[in-house]
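>>> give me coordinates for this.
(one chain, ligands or ions: 2)
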Amino acid sequence: ILSALLSSPCSLPNPEDALLVKAPMDAVENAVTPAAPSTVANGTSSAIIVEEFEDLASLVRDDEASVSITVVGASGDLAKKKIFPALFALYYEGCLPKHFSIFGYARSKMTDAELRDMVSKTLTCRIDKRENCSEKMEEFLKRCFYHSGQYDSEEDFKELGKKIKQHEGPRVSNHLFYLSIPPNIFLDVVKCASKSASSVSGWTRVIVEKPFGRDSESSAALTKGLKQYLTEDQIFRIDHYLGKELVENLSVLRFSNLVFEPLWSRQYIRNVQLIFSEDFGTEGRGGYFDSYGIIRDIMQNHLLQILALFAMETPISLEAEDIRNEKVKVLRSMKPLRLEDVVIGQYKSHTKGGITYPGYTEDKTVPKGSLTPTFAAAALFINNARWDGVPFLMKAGKALHTKQAEIRVQFRHVPGNLYKGSFGTDLDRATNELVIRVQPDEGIYLKINNKIPGLGMRLDRSNLNLHYAARYPKEIPDAYERLLLDAIEGERRLFIRSDELDAAWELFTPLLKELEQKRMAPELYPYGSRGPVGAHYLAAKYNVRWGDLGGSEH
Ligand SMILES: NC(=O)C1=CN([C@@H]2O[C@H](COP(=O)(O)OP(=O)(O)OC[C@H]3O[C@@H](n4cnc5c(N)ncnc54)[C@H](OP(=O)(O)O)[C@@H]3O)[C@@H](O)[C@H]2O)C=CC1
Ligand SMILES: O=C1O[C@H](COP(=O)(O)O)[C@@H](O)[C@H](O)[C@H]1O
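Residues are numbered from 1 along each chain as shown. Ligands and ions are numbered 1, 2, ... in the order given. Sure, this is the predicted structure:
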């Protein structure tokens, strides 16, 4: 059991169980290394192992419960692109429980075979693990079923419930619903699913996709509505950026490296930049995007969550509640965004290399004359002793020149720098910068000043570079894999608590209302460009220069 657990790519069910295995690590290692059987036989180690065997055995016994996962909105974009492929990857890795079934639910009429056909087109195996791929796909698809129904029909959900029951048989059964549907029908589904298809013998959990409302009021109403049918611990509000490898690594980088944590404050950090850029527009998604816009789509959730993890105080433990308490604290220490600290933009058509890329409002799914921003840059501040006065700059945009997400930390100047003369007038080039590249081509690098080898004294800007592809050749799991597995295991650390959500909306709601009331016109930028010039003026106001996205620093 120990060998299997240690070599498993899946996480353990909860942090205590992880500790359970970690505590006597030397003994555990001996147990799984044939070279040292005698150590296992000696007093203390074997006693610990026996005790743990019992706990681990009980975990294994729990595996006998079945899990039925219903993807509500199975005919949609997210289900096809992310959810089914992530479930397959978990299956392939052996991370799903022994007894599981997957049900697609939507209004579209489909047979099981049609669902399987649709899903099969989206499945891939990891590059480094092609072995038995097609057999595994076949096995997985046999566990996928479809049920067509209305989102507000208790009858239809009752039928779904019966189908689930048939597949799970007499064992303890757990039900996970993934709401991969537009937010205006979340409540209908939760009402019907909780009344007619929830588990009677095990747990029922619901993963709720973003956006969680449009502002403080609608979000509070949604939370109140959900709580009529579910308890807080049944609700898993997903923000898939929290499942990204480099975002999860933020706390490791900071809290387990002495060289970073002491520098993590206004004393040494000049500004922090959180940048999201996509090189494609909203083509075909206008129906959703136009009533939300980039601030609600990316900033209020993905970038703000990264900011909270970056800036929070040290949690008292790695327990979900301790981490989330710290995130809420830092969000509550922030000032709501001010209109003068925000720049909005919208992409317009642009012709390049003989190809014309359409502007946002030229999309059939976007209302004519829409003022919805597809780009925004903002300066945020945290009112606490650690971060007072440090600008946290966010930038998010669609149809830009590159697809990238990064965290850039620019450090202060070295006081009385002896080498000042070597940098000419551009002293900013002499400051250190830590770059955490979330995607693509994940990596972490620190820009430092270095002497160019040779006679004389010339300085160079160089990188201390952790390039993931070189250091960790194994393919990185998709964020949805991690988060689905966490939801199945009841691990809540990477999901959003309702007070976190309230605090996030408090920051953005006044700005969003003002933008809409004043009908602020976004600055137009060409499709495929670096975005509106206004973003540079905003940064300059706080003495910041945006990091160079799209640079080839690896
Ligand atoms: N797509 C993405 O990349 C991401 C999406 N999300 C979120 O995930 C959820 C699902 O997104 P996505 O898959 O793109 O959405 P889709 O627009 O593809 O909708 C999913 C399914 O919901 C049903 N549906 C769509 N519109 C309506 C409507 N007005 N009333 C009732 N049912 C409707 C359709 O199924 P049918 O007609 O068969 O019932 C559709 O296949 C949303 O909350 C979105 O914000 C979050 C992050 C990324
Ligand atoms: O939540 C969303 O995220 C995607 C970007 O996700 P990524 O994992 O591909 O970076 C974005 O395209 C979409 O607009 C938004 O709703």
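
>>> apart from its neighbours in sequence, what residue is nearest the residue in the chain that ligand 2 sits nearest to?
In the chain, the residue that lies nearest ligand 2 is Asp297 (4.8 Å; Cβ to the nearest ligand atom). Using the backbone N, CA and C atoms, a C-beta is placed for each residue, glycine as well. In space, Asp297 comes closest to Phe289 once its chain neighbours are excluded; the distance is 6.5 Å by Cβ to Cβ, 6 or more residues apart in numbering.

>>> tell me how many other residues crowd that neighbour.
Neighbour count of Phe289, defined by other Cβ atoms under 10 Å: 23.

>>> what do you get for Phe236?
24.

>>> and the one 4 residues further on, by the same measure?
For His240, the neighbour count with other Cβ under 10 Å is 20.

>>> check Ser317 too.
Neighbours of Ser317 using other Cβ under 10 Å come to 10.

>>> just the pLDDT at it, thanks.
Per-residue pLDDT puts Ser317 at 96.

>>> now Leu549
Predicted confidence (pLDDT) at Leu549: the value is 61.

>>> same check on Pro211?
The predicted local confidence for Pro211 is 88.

>>> so what's it up against?
Applying Cβ atoms under 8 Å, 6 or more residues apart in numbering to Pro211 gives the contacts Pro183, Tyr292, Arg296, Asp297, Gln300, Asn301.

>>> and if you look at Gly369?
Neighbours of Gly369 in contact, by Cβ under 8 Å, 6+ apart: Thr361.

>>> so it lies in a strand, does it not?
No - with DSSP: H, G, I helix; E, B strand; the rest coil as the criterion, Gly369 is coil rather than part of a strand.

>>> returning to what we had before: relative to Ala399, how far out is the residue nearest to Asp297?
12 Å (Cβ to Cβ, to the nearest Å).

>>> so Tyr468 sits against Glu475, correct?
No - contact criterion Cβ atoms under 8 Å: Tyr468 and Glu475 do not qualify, at 10.3 Å.

>>> so which of those two has more stuff around it?
Tyr468 (18 against 13).

>>> now that one: closest residue in space, sequence neighbours ignored.
Glu442 (4.1 Å).

>>> wait, isn't the one you found in contact with Val247?
No - if you go by Cβ under 8 Å, Glu442 and Val247 don't touch, sitting 10.3 Å apart.

>>> break this protein down into its structural domains.
2-62, 66-209, 242-541 (automatic domain parsing).

>>> anything in contact with each of Phe289 and Ala399?
Shared contacts of Phe289 and Ala399, counting by Cβ under 8 Å, 6+ apart, come down to Thr374.

>>> for Val67, helix, strand, or coil?
Classified using three-state DSSP, Val67 is strand.

>>> that one bridge partners, please.
In this entry, Val67 is beta-bridged to Phe100, Asn174, by DSSP bridges.

>>> spell out which parts of the protein neighbour ligand 1.
73, 75-79, 106-108, 151, 180-183, 185, 209-211, 288 (Cβ under 6 Å from any ligand atom).

>>> which of those residues fall in helices?
Counted as lying in helices by DSSP state H, out of those, are Asp77, Leu78, Tyr288.

>>> what is the neighbour count of the residue lying closest to the second one once chain neighbours are set aside?
Counting by Cβ to Cβ, 6+ apart, the nearest residue to Leu78 once its immediate chain neighbours are dropped is Ser180, at 4.8 Å. One way to gauge burial is a neighbour count; for Ser180, by other Cβ under 10 Å, it gives 25.

>>> sort out which residues of stretch 314-322 are buried, please.
Using 16 or more other Cβ atoms under 10 Å as the test for burial, stretch 314-322 gives Pro315, Ala320.

>>> any idea how far Arg458 lies from ligand 1?
Distance, Arg458 to ligand 1, using Cβ to the nearest ligand atom, to the nearest Å: 48 Å.

>>> before we move on, what about Leu141?
Counting by Cβ to the nearest ligand atom - Leu141 and ligand 1 are separated by 19 Å.

>>> neighbours of that residue, just the number please.
19.

>>> can you confirm it is in a strand?
No - read with three-state DSSP, Leu141 is helix and lies in no strand.

>>> contact partners for it?
When the contact criterion is Cβ under 8 Å, 6+ apart, the partners of Leu141 are Arg116, Val119, Ser120.

>>> for the helix or strand hosting the second one, which residues meet the burial criterion?
Element membership of Val119 [criterion: DSSP states H and E] is helix 112-120. With burial defined by 16+ other Cβ under 10 Å, the residues of helix 112-120 counted as buried are Leu115, Arg116, Met118, Val119, Ser120.

>>> how many neighbouring residues does the closest residue to the third one other than its chain neighbours have?
Think Met118. Sequence neighbours aside, Lys80 is the residue nearest to Met118 in space, at 6.7 Å (criterion: Cβ to Cβ, 6+ apart). For Lys80, the count of nearby residues is 18 (other Cβ under 10 Å).

>>> what parts of this protein come near ligand 2?
Residues of the chain lying near ligand 2 by Cβ under 6 Å from any ligand atom: His240, Glu278, Asp297.

>>> for the stretch 251-400 of the chain, which residue gets nearest to ligand 1?
The stretch 251-400 of the chain approaches ligand 1 most closely through Tyr288 (5.7 Å), counting by Cβ to the nearest ligand atom.

>>> scratch that, the chain
Gly76 (2.4 Å).

>>> list phi and psi for Ser529.
phi -90, psi -170 (degrees, to the nearest 10).

>>> ok, now which ones touch it?
When contacts are counted by Cβ under 8 Å, 6+ apart, Ser529 touches His350, Leu400, His401.

>>> sweet, I'm off.
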